[in-house]
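S.K.: Okay, sequence plus prediction incoming.
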Amino acid sequence: MNSQLLKEPNTRGDGISTVRRIGGEEWPEIGASQVVSKIQCGYYCRPIWNLCRRTPLVARERRALLGCRNAGVRVPLVLDYRRTPAGSELVTTLISDALPLDQAVAQFPEQRKEILRLVGREIGKLHRARWTHGALYADHILVTPQAGFRVYLVDLEKGRRSLRAGRDLDRFLRHNSYLNADDLVIFRSSYAAARRGAASNQDIVSR
């Protein structure tokens with residue numbers, strides 16, 4: 001199976017995490033080279049419901065992806081989760097031809113308002129469903145410009161059920177300081193509407 005490294009491997013202590021694009025032979029309906037494999041060894045968390053048990057981070061990410069998708073939030077589709085000799089593997093769809101949020105608003109200045117409205121909507125839906133992302137950096141908010149803009153939230157290793165939406169928003173604002181006052185007005189308005197449940201007719205999740 002051919003693969004392509006998408007990120008430089010991360011290391012933490014004795015642990016290692018790799019993210020690769022792999023062939024989609026097992027999922028022909030997805031399409032070749034539209035599948036991502038994240039394999040981690042030595043990356044664990046301790047879920048609050050079982051502090052005595054170490055859980056692979058990718059297992060927590062899988063749970064967050066499934067929960068967010070069920071709530072109507074645009075996230076990658078989970079294809080598989082399995083243990084391998086190399087560690088724990090999470091397989092998802094690739095959000096192809098996407099730009100991180102900071103690059104998207106810079107590259108498409110005429111659509112800046114629309115992009116920020118969509119970002120507010122996705123994060124608002126996330127928090128309405130009582131999920132938090134935990135790391136809303138620009139490169140974890142992907143924008144696809146094909147056939148109309150769409151926004152996806154990715155890399156939910158820190159995603160969890162939580163009532164601490166305020167902390168998530170604080171992180172978003174702190175790590176996306178390039179957004180100006182007008183951007184934030186648009187973002188907050190869309191976020192508040194989605195948080196109340198005033199979703200548009202376009203809130204149909206697709207992969």
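M.R.: Sure thing, it's come through.
S.K.: Pull the distance from stretch 36-43 to the chain's centre.
M.R.: 16 Å (C-alpha atoms, centre = their mean, to the nearest Å).
S.K.: who's in contact with it?
M.R.: Residues outside stretch 36-43 that contact it (C-beta atoms under 8 Å, 6 or more residues apart in numbering): 3, 6, 12-22, 56-58, 61, 76, 84, 86-94. (C-beta placed from N, C-alpha, C; glycine too.)
S.K.: and stretch 151-161, how far out from the chain's middle?
M.R.: Between the centre of stretch 151-161 and the centre of its chain there are 4 Å (C-alpha atoms, centre = their mean).
S.K.: buried ones in it?
M.R.: Neighbour counts over stretch 151-161 (16 or more other C-beta atoms under 10 Å) mark Val151, Tyr152, Leu153, Val154, Asp155, Leu156, Glu157, Lys158, Gly159, Arg160 as buried.
S.K.: you'd agree the first one is up against Ile141?
M.R.: Meaning Val151. Yes: if you go by C-beta atoms under 8 Å, Val151 and Ile141 touch, sitting 6.5 Å apart.
S.K.: Pull up the overlap in contacts between the two.
M.R.: Listed as contacting both Val151 and Ile141 by C-beta under 8 Å, 6+ apart are Leu101, Val119, Glu122.
S.K.: Next, count neighbours for the second one.
M.R.: To tie it back to what came earlier, the one meant is Val119. Other residues within reach of Val119, judged by other C-beta atoms under 10 Å, total 27.
S.K.: in the sheet, who's paired with Asn10?
M.R.: Beta-bridge partners recorded for Asn10 (DSSP bridges): Ser17.
S.K.: Many thanks, I have nothing further to ask.
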